[in-house]
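Visitor: make a model of this:
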Amino acid sequence: MSDDDLLDFQHDVFTHEGKTRKIFRKGSGPAVIVMAEFPGISPEVFDFARRVANIGCTAVVPHLYGNPGRDPDPAAHGALAAATNILSQAGPICISREFVVFATGRTSPVVQWLRALAEHEHNRCGGPGVGAVGMCFTGGFALAMAVDDRLVAPVLSQPGLPLGLTAKQRCTIDLSPDDLNRVKQRCAEGLSVMGLRFRGDKRSPAERFTFLREQLGDAFLAIELNDEDANPEGVLSAHSVLTEHLIDEPGQPTQAALHRVLNFLGERLEVTSPTTR
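Guide: As a prediction, the model looks like this:
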């Protein structure tokens, strides 16, 4: 895959509490905030956003880090350029005060900006609420955004924070106790949370889904795939369910998982089912 020119997306900015970021928007209907995995908004993330737009939603992709549209695959720009791109993003993210990378029991401060973005897009797009899809580095952000009643369809694809270096880090997610209690309250009132991962993925460890099941009960809709279901052409081991390791072919478990996500978003945002569009 080559770099994405993004010509079919509207380019805009959003400012909250003095922080301005670019956003990319496509489609019409209720908003879905699509948050990229590390090291940035790859062409595959934008392709997922296009699918969200195709079901009758407005896909809103905030630029949180990285180079939007750049293909991180070493085959696109060469191994050295790919490594340089990753290293150039990793350092600033790890020391940034906006992202909680290693600690437990904290919500990343950037979530406040994302909640404000969701409110803005809900006011702009209308509908019964907002969806949010977080991937890897941003997986837990979708859950943290669900403290707001506007967020009615949170999806956590291979949530990766905090980095699972210790048993404690693996058995939690990047969410403060107060925020977690609010999400649990909303789940008791009818909110559902969808999560996806590959069973052997140590970057999104099994203990994290065990923790989410314990905390959210039946409201946590877990989709766990076998590692052999992943696209073998992916650069790294099985991890990115909706992007790099998706095999977009009928009968493939990853395509079935993708359709479950789109149906989840469509049902809760009350738009036409993707199977009929």
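
Visitor: contacting residues around Leu246?
Guide: Applying C-beta atoms under 8 Å, 6 or more residues apart in numbering to Leu246 gives the contacts 44, 231, 240, 254-255, 258. The way it works is simple: take the backbone N, C-alpha and C, and place the C-beta from them, glycine included.

Visitor: closest to Ala142 out of those?
Guide: Nearest to Ala142 among the contacts of Leu246 is Ser240, at 15.2 Å by C-beta to C-beta.

Visitor: that older thread, can you tell me which of the contacts of Leu246 end up in strands?
Guide: The strands in this structure, assigned by DSSP state E, contain none of the contacts of Leu246.

Visitor: would TSV of the residues you listed with distance to Gly126 be doable?
Guide: Below are the contacts of Leu246 laid out as TSV (distance: C-beta to C-beta, whole Å):
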residue	distance to Gly126
Glu44	29
Asn231	36
Ser240	31
Thr254	32
Gln255	30
Leu258	26
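
Visitor: please indicate which of the residues you listed are buried?
Guide: Buried residues within these, defined by neighbour count using 16 or more other C-beta atoms under 10 Å: 44, 231, 240, 254, 258.

Visitor: need the residues you listed in a markdown table with pLDDT and distance to Met194, can you?
Guide: Putting those into a markdown table (pLDDT from 0 to 100; distance: C-beta to C-beta, whole Å) gives the following:
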| residue | pLDDT | distance to Met194 |
| --- | --- | --- |
| Glu44 | 95 | 19 |
| Asn231 | 96 | 21 |
| Ser240 | 95 | 16 |
| Thr254 | 98 | 15 |
| Leu258 | 98 | 12 |
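
Visitor: what would the residues you listed look like in JSON lines with distance to Thr210?
Guide: Compiled in JSON lines, the buried ones among the contacts of Leu246 are given as follows (distance: C-beta to C-beta, whole Å):
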{"residue": "Glu44", "distance to Thr210": "28"}
{"residue": "Asn231", "distance to Thr210": "26"}
{"residue": "Ser240", "distance to Thr210": "21"}
{"residue": "Thr254", "distance to Thr210": "22"}
{"residue": "Leu258", "distance to Thr210": "24"}
